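Asks: Return atomic coordinates for the entry below.
(chains A and B)
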Amino acid sequence: MAENSSQEQGRLKVYLGYAAGVGKTFQMLADARELKQRGLDVVIGYLEPHGRKDTIIQAEGLELIPRRKIAYRGAAFEEMDLEAIVRRHPDVCVVDEFPHSNVPGSSRAKRWEDVLTLLDAGMDVLTTMNIQHLESLNDQVWQMTGVRVRETIPDWVMKQADEVVMVDLTPRALLNRLERGVVYPPEKARQALENFFRESTLVALRELALRQCAHEVEVRQVSPAESFSMDAVLTELETQVAPAPFAGNDRILVHLTEHPSTAMLIRRGRRVADYLQAECFAVYVSGDSDFAGLPSERREAIERHLNFARNLHLETHVLEGSNVVETLMAFARLHRVTQIFVARPQYSRWPAFFAMNRVHRIVAEARDMQVTIVAERRREPHA
Amino acid sequence: MANATLGRPDPDQLLRQLDAQKRQLSLERLKVFLGYASGVGKSFRMLDEGRRRRERGQDVVVGAVQPNMPPELERLIQAMEVIPLKKVGGGEAMDVETILARRPQVCLMDGAAYGNPPGSRNTKRWQDIMELVSHGIVAITSLNLQHIEERREVVKQITGHEAQETVPISFLYAANEIVIVDVPPELLLERAGGPGTADPALAETQRQLSALREQALLLTAEVVDRQLEDYLRAHGIEQLWGTQERILVVLTPGSNAEAMIASGRRNADRFHGELMVVYVRHPLLSRKDERELQEHLEAARQAGAQAEVLDGDDPVETLMDFASARRATQIFVGPRRRRHWWNSVVGGPIDRLIRAAEGMDVRVFPH
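Replies: Now for the predicted structure:
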């Protein structure tokens, strides 16, 4: 459950799917109608029916808050009118497409920020998203689909949801719908069939969504202390072995560098930390020169990574020390870190020699910690 | 439906659609709507699918439904052709003979776990269903988690109750389609018309429902994973990535095997993934080493891991071949006591393993 400090915090419900056309919006609207019938004040804050007739029919009879027009580079864009919704203040607001990025010039960059604002103002929100938009799965999704998803939902935002519901449809049924032209117009459908909508890709994305949804259900079940005993029951049942005495005392440290693979490393560390209910630090150690003295290109890369880590709610630290490994280790021991995540050097390049040397030294120095060397995911089987 | 509102349909297109449907039907066998408790809406989804198929021109009958359906389901059923259950001894069973003689394209059946009365054609309804499937009828059915034989124990741990009538998990594997009907427990309780959530007994019910829901989602994921494997095999696709975490623990002489296996187990459980534990047989292993490794392997097997001994001239290559074939996502290794060939970091086996483990995480455990 989300930690509600104030009583009036609204409740968030996420309809999770694995592709366009599985019926997320339809299901959300059906529930919205049910809520309205029960006497709640329900409005549609934003809806993207994609011209689907069933969806449009489902929205009939629900009050629609007109979109706000925003001019950007000479074109008119339409976004959700957050201020109008806050003024109208319904009990429940329907907001389609949670991961959407607002056009520049909007008061907030992301729709999920709009949604958090609505929740803070005490409205309940129903929203939709596909699994491929979850930040920590970005690399895995790229590996499956070849698509680098840009509009993402940070995992901590997903955690704010009080309820995550899986909207399921078999890939075969989805492909049939696509062929019948229910999901997209014919030309777009043909394109879609060649990319995201290959059957094996859909099956894999569906499995990913089911597992994520199971995880979301699990973390919401009970408080961490109780969830341990629940786990123990299941673990004992399956393995007949007593689990480790304390769950949730892992502490993960992600070693940031300027290397581009750092983003992948941060996502991986975040994901493992979430599953192990571990604390997660992101640490950059500037070597010989201080941080400000770095060449601007390197400094910008590092700042970008620090920002990214902060956005995913990792606790970031910038340390100074001429010996990177020693400084990192001292920090790790002080913070009782149990696992260090480092990127696997790319062997084809000569600076890899130094990077590998660093990985070796971390492994050699971390006598009381586990060191996880994270490799970049690749898409094609190795020759 | 779509055509009715878009004006006159193009006859050629209509024919093509019917052809496509026929092809589609020939690929279908069994579709299962899986729920985690009664009241999630499985029967509704099943009947609604029947309605939509009828509208698309398929020949659909209802073979079995639960008694005392809510009015909205009754309405759906009334619009369809129902083949009534027949009396057998003191009870009722699905009328398989009549359905086979009627030969519909699609048959809808609730309660796959139902046990038929003595003297019936088959002892269980799921066997009736498989018989229809073997005659080329597309079967659509609904099932609750607690009725899966292989999940009976887990459900009992959660609820304290055990289902009497069960279906083997192979029934789910035989389905070409499985759909989870997912509804938050809260909604389920509201539909049941219970009191407010302040009631402690209700909180316990809610906790149980949540746990069942998680298990149902995981079971569906497992079935889907098998479908993916089948699909990849059938199409000769080599796919590196898995959607599931697969942890490979590599035991070496003197490595902290207990800690590594325990950690592997915990990580695999947390991720609901698979655990594999191996060691590589090697001429440099002493008899004592090998005996210890065997013992650890046995302990790992007891902990539910897939435990294997690998053979190969080159330990690292052997490991990597195994890791790739099993699509490991994480490899756990532990260095031996200091100053041992395995432990000499640069150019040693761990170094080579890290270099070779493309696309996989390598987790090195402390000395």
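Asks: average model confidence for stretch B:335-353?
Replies: Mean pLDDT, stretch B:335-353: 61.
Asks: so residue A:99 sits in a strand?
Replies: No. Assignment of residue A:99 by DSSP: H, G, I helix; E, B strand; the rest coil gives coil, placing it outside any strand.
Asks: Could you tell me which residues make contact with it?
Replies: A:110, A:111, A:112, A:129, A:130, A:133, A:151, A:152, A:153 (CB atoms under 8 Å, 6 or more residues apart in numbering or on different chains). Using the backbone N, CA and C atoms, a C-beta is placed for each residue, glycine as well.
Asks: Using neighbour counts, trim these to the buried set.
Replies: A:110, A:111, A:112, A:129, A:130, A:133, A:152, A:153 (16 or more other CB atoms under 10 Å in any protein chain shown).
Asks: Would you format the residues you listed as a markdown table with distance to residue A:141, secondary structure and pLDDT included?
Replies: Output for these, formatted as a markdown table (distance: CB to CB, whole Å; DSSP: H, G, I helix; E, B strand; the rest coil; pLDDT from 0 to 100):
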| residue | distance to residue A:141 | secondary structure | pLDDT |
| --- | --- | --- | --- |
| A:110 | 18 | strand | 96 |
| A:111 | 19 | helix | 97 |
| A:112 | 18 | helix | 97 |
| A:129 | 13 | strand | 97 |
| A:130 | 10 | strand | 96 |
| A:133 | 9 | helix | 96 |
| A:152 | 10 | coil | 95 |
| A:153 | 12 | strand | 96 |
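Asks: The residues you listed: which two are farthest apart?
Replies: Maximum pairwise distance in these, criterion CB to CB, is 15.7 Å, between A:110 and A:130.
Asks: Next, format the buried ones among the contacts of residue A:99 as CSV and append distance to chain B.
Replies: Converted to CSV, these look like this (distance: CB to the nearest CB, whole Å):
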residue, distance to chain B
A:110, 25
A:111, 23
A:112, 20
A:129, 15
A:130, 15
A:133, 16
A:152, 18
A:153, 19
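Asks: which stretches of the stretch 201-350 of chain B form strands?
Replies: For the stretch 201-350 of chain B, the strands defined by DSSP state E, counting those that start in this stretch cover B:246-250, B:274-281, B:306-311, B:330-333.
Asks: So which of those is nearest chain A?
Replies: strand B:330-333 (7.8 Å; CB to the nearest CB).
Asks: Take that closest one, keep the C-alpha atoms, and write them as PDB.
Replies: Extracted in PDB, the C-alpha atoms of strand B:330-333 (Å, rounded to 0.1, in the frame of the first residue of the first chain):
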ATOM      1  CA  GLN B 330      22.600 -14.900 -13.400                       C
ATOM      2  CA  ILE B 331      25.600 -17.100 -12.600                       C
ATOM      3  CA  PHE B 332      26.700 -17.400  -8.900                       C
ATOM      4  CA  VAL B 333      30.400 -18.300  -8.400                       C
END
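Asks: So which elements touch that strand?
Replies: Judged by 3 or more CB pairs under 8 Å, 6 or more residues apart in numbering or on different chains; DSSP states H and E, strand B:330-333 is in contact with strand B:246-250, helix B:257-270, helix B:349-356, strand B:361-364.
Asks: If I average pLDDT within each of these, which one is lowest?
Replies: Across these, the lowest-scoring stretch is helix B:349-356, with a mean of 83.
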